[in-house]
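Colleague: Pasted the sequence and its predicted model underneath.
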Amino acid sequence: MMNAELVAAAQTRIIIPTVFCYQYLGALKLLSLHGNADALIAVLDFAQRWTARIDFSTFQTARSDLERTNALRDPREADETGIKLLLP
């Protein structure tokens, strides 16, 4: 639903890559349990900027960008080793 609204407003869609799921879920938890939306806004803003910079013109370029930015890394491994989602 969020992406449908973003597209309707001519905004970039938001993709939450695998490596970023703990940050996203943590931000949702803060909102649900404490009513604090700041973290969710920051997470969604970063994810939208990241999505806008990925070159989806071909499978090869998209795959290269996803690998280069750590998007496909295991979230548990990334959390344990400090690997972050990088902007392209």
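Modeller: Cool, got the structure.

Colleague: Quick check: next helix or strand after the longest helix seen in the chain?
Modeller: In the chain, with assignment by DSSP state H, the single longest helix is helix 38-53. Later in the chain than helix 38-53, the nearest helix or strand by DSSP states H and E is helix 59-68.

Colleague: what mean pLDDT does that next one have?
Modeller: For helix 59-68, mean pLDDT rounds to 98.

Colleague: Show me what it packs onto, helices and strands only.
Modeller: For helix 59-68, not one helix or strand is in contact under the criterion 3 or more CB pairs under 8 Å, 6 or more residues apart in numbering; DSSP states H and E. For glycine as for every other residue, the C-beta is placed from the backbone atoms N, C-alpha and C.

Colleague: ok and it relative to helix 38-53, angle-wise?
Modeller: 140 degrees (axes from the mean of the first three to the mean of the last three CA atoms, to 10 degrees).

Colleague: so who does residue 83 touch?
Modeller: Applying CB atoms under 8 Å, 6 or more residues apart in numbering, we find residue 83 in contact with 19, 70, 73, 77.

Colleague: and the nearest residue to the third one once chain neighbours are set aside, how many residues sit next to it?
Modeller: Okay, so that is residue 73. Spatial nearest neighbour of residue 73, excluding adjacent residues (CB to CB, 6 or more residues apart in numbering): residue 19 at 4.3 Å. Around residue 19 sit 23 other residues, with neighbours defined as other CB atoms under 10 Å.
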